[in-house]
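> Sequence first, predicted coordinates after that:
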Amino acid sequence: MSAVATKSKKKTQEWLSKDFREKIDLFIRDFTVPFAGTIEKPYNLSSVSENQKRPTEDDIVRNLPSVEEYLKNRKSSVVDGKYDVILIASNLRSKNKASPLYDKIISGIKSYNIKIGYVDKKTNLVYSDDYLNKHSFSNFSSVEISSIIKDKNGNKFLQTDVLTDISFQNSRYYKEDVPAGLLTETLILNADEEAEEHQVIGFNSYTKKLPCLSFSCLANLLANKVIGNTYDESKIIGSHKIKIVDFSPEEEKNISAKDKKSLAKSRKSMGEQFNFNVWASSITPPSKGFTLINYGSLNANWHKSPTVVLSSKNKSYLMGQDEGTYFGCILSDNPKSLDAAYTSLMPKNARNKKGVLRQGEWFAIPVNEKEIPEIGNPNIIIYHDSLHQASDPAIFTLPIEDKDSNTHSITAKKFIVTKDGRFYIMDFSITHNEHESMIGKKDQWYTIEKNTAIASYSAEKVD
């Protein structure tokens, strides 16, 4: 459309409104028809060529089943070749503040900001596309309409209205090899960076409550090895029948007034010697899976990341986030709840014990000094004491599962290793490039034990 200069802004608006109205009427008449799809004979979007009439956005959206509706009978009134088309989430278009004419001009056609899913019925993998208006050929883009206006003193200035032009593009959506989700008892969302263009995580309040995990990590767990490419990862996930055993969305809770008072008192009395993680290990969480997050000198909150227990082929998996990193592990048994999965994952000596510290898969468990073998005990094979021998602290690393794993490095002033493989440390710190450093309580002996998982994987590599 070419810009037209007029003497009156009102005239410009009237002319534009009429012109746009005619274009919209022409578009509706030539390019849209009433929706005719049914569950028995679904409308197939892929069978309509570019020169054929198409249904309106309203018709399509009204006939798209939600995730819950689709899961009842696994049928949709809209299909696209081998895919069933479903409505994952929808936000109606908000009014365009830049142009009051926007809503008047396009009053005959709605623009939906929605997330639709294409369900592969053989694999249950779901591929996503952002905007359905590509199907109905309507594409809205801002254009400027300029005209010369005179003020009351006769001075001329340029008046610009930002309006919305309508162009009819025969564009087709495209789908990547990377799925946006997987249909099980509900929709599991893919949190991998490779799926970013088609992610629906956090799109609205509904999607925020769905299970969210790394599909790359899930494929590694199912194959029990690092896969490394999205095509094979999708193939592996699609070949498994996956069931959600239990799921918990992200949750935060305030600490009690008693714990808040304890935190303030400990910080004040210990000064620079205060260790938040050691203090936090003595506080009982509201339920399993909660971690205390330090929010400053006088505040802390309980936080639980979204976590899910899955099962497939008689194996169970715990998946979630740990300090911002998506992780997953193969459990040694088949728990029926998240609480049972957390318990299963902990070493037996760490269960229901106060003062336990954790970094990734490793637990530092407090030990009573009476349990520590004395110097000269024939069961001791290594002994180091930099506190009394005027030597540097010992530095060593914990065992790793894979050559590409990141190492947990220990610096300890005192440590003992026994013939039966037990080792004890005091005044230590453990560092890892994906986790916060773990620092033990001063003058407290600990033993280090690994979780009970058969194997663990992070989103990018073996953890």
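Cool, the structure landed.

> so residue 234 touches residue 124, yeah?
No. Assessed by C-beta atoms under 8 Å, residue 234 is found out of contact with residue 124, at 11.2 Å. For glycine as for every other residue, the C-beta is placed from the backbone atoms N, C-alpha and C.

> Neighbour count for the two, which is higher?
Taking other C-beta atoms under 10 Å, residue 234 and residue 124 do not tie; residue 234 has more neighbours (24 against 20).

> Which residues are in contact with the nearest residue to that one once chain neighbours are set aside?
In space, and not counting its chain neighbours, residue 234 is closest to residue 179: 5.7 Å by C-beta to C-beta, 6 or more residues apart in numbering. By C-beta atoms under 8 Å, 6 or more residues apart in numbering, the contact set of residue 179 is 125-127, 190, 195, 215, 234, 237.

> 7 Å instead?
By C-beta atoms under 7 Å, 6 or more residues apart in numbering, residue 179 lies in contact with 125-127, 190, 195, 215, 234.

> do the same with residue 200
Contacts of residue 200 by C-beta under 7 Å, 6+ apart are 88-89, 115, 128, 180, 189, 207.

> and what of residue 124?
Residue 124 neighbours (C-beta under 7 Å, 6+ apart): 182-183.

> follow-up on the earlier one: how about a markdown table for the contacts of residue 179, with pLDDT added?
Below are these laid out as a markdown table (pLDDT from 0 to 100):
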| residue | pLDDT |
| --- | --- |
| 125 | 93 |
| 126 | 92 |
| 127 | 88 |
| 190 | 89 |
| 195 | 72 |
| 215 | 92 |
| 234 | 92 |
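
> Next, work out how far apart the residue lying closest to residue 239 once chain neighbours are set aside and residue 117 are.
Excluding its sequence neighbours, the residue lying closest to residue 239 (C-beta to C-beta, 6+ apart) is residue 123, at 7.4 Å. To residue 117, residue 123 is 13 Å away according to C-beta to C-beta, to the nearest Å.

> cool, residue 432 as well?
Distance from residue 432 to residue 117, by C-beta to C-beta: 37 Å.

> One more: residue 377?
Taking C-beta to C-beta, one finds residue 377 at 64 Å from residue 117.

> of these two, who's got more company?
residue 117 (27 against 12).

> What backbone torsions are found at residue 321?
phi -130, psi 150 (degrees, to the nearest 10).

> Start at 15, not 1
Right, with 15 as the first residue, what we last looked at is residue 335.

> Is it correct that it is in contact with residue 322?
No. Applying C-beta atoms under 7 Å as the test, residue 335 and residue 322 come out as separate, 10.8 Å apart.

> How is this protein divided into domains?
Domains of the chain are assigned by automatic domain parsing as 23-182, 362-477.

> which of the contacts of residue 193 sit farthest apart?
Across these, the longest distance by C-beta to C-beta is 12.2 Å; it joins 141 and 229.

> the more surrounded of those two?
Neighbour count, other C-beta under 10 Å: between residue 141 and residue 229, residue 229 has more, with 27 against 23.

> That one and residue 140: what is the separation?
Residue 229 is 11 Å from residue 140, where distance means C-beta to C-beta.

> Ok, residue 200 next?
Relative to residue 140, residue 200 is positioned 11 Å away (C-beta to C-beta).

> Neighbour count for those two, which is higher?
Counted by other C-beta under 10 Å, residue 200 and residue 140 do not tie: residue 140 has more neighbours, with 27 against 16.

> Pull up the pairing partners for whatever helix or strand that one lives in, direction included.
Using DSSP states H and E, the element containing residue 140 is strand 139-143. Here strand 139-143 has these sheet partners by DSSP bridges: strand 126-134 (antiparallel), strand 195-197 (antiparallel).

> circling back to that earlier point, how about the backbone phi and psi for the residue nearest to residue 248?
Torsion angles, degrees, to the nearest 10, at residue 193: phi -70, psi 150.

> Distance check, the nearest residue to residue 197 once chain neighbours are set aside against residue 286.
Nearest non-adjacent residue to residue 197, counting by C-beta to C-beta, 6+ apart: residue 138, 4.4 Å away. Distance of residue 138 to residue 286, computed by C-beta to C-beta: 55 Å.

> One more: residue 447?
25 Å.

> Settle it for me: which of the two has more neighbours?
residue 447 (8 against 4).

> quick one: average confidence on the host helix or strand of residue 284?
Applying DSSP H and E as the criterion places residue 284 in helix 271-284. Taken as a whole, helix 271-284 carries a mean pLDDT of 86.

> quick one: low-confidence ranges for the stretch 65-214 of the chain?
By pLDDT under 70, the weakly predicted segments of the stretch 65-214 of the chain are 65-73, 105-127, 143-191, 211-213.

> rerun that using 80 as the cut-off
Applying pLDDT under 80 to the stretch 65-214 of the chain flags residues 65-76, 95, 104-128, 143-191, 207-214.

> Show me the strands in the stretch 215-364 of the chain, by range?
Secondary structure of the stretch 215-364 of the chain, counting by DSSP state E, counting those that start in this stretch: strands at 226-227, 257-262, 265-268, 305-308, 314-318, 321-326, 329-336, 339-344.

> Mind putting the ones you listed into a markdown table with mean neighbour count, distance to residue 451 and mean pLDDT?
As requested, the strands of the stretch 215-364 of the chain are exported to a markdown table (neighbours: other C-beta atoms under 10 Å; distance: least, C-beta to C-beta, whole Å; pLDDT from 0 to 100):
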| stretch | mean neighbour count | distance to residue 451 | mean pLDDT |
| --- | --- | --- | --- |
| strand 226-227 | 26 | 27 | 87 |
| strand 257-262 | 17 | 27 | 93 |
| strand 265-268 | 12 | 24 | 83 |
| strand 305-308 | 16 | 13 | 79 |
| strand 314-318 | 18 | 18 | 82 |
| strand 321-326 | 22 | 24 | 94 |
| strand 329-336 | 22 | 15 | 89 |
| strand 339-344 | 22 | 15 | 87 |
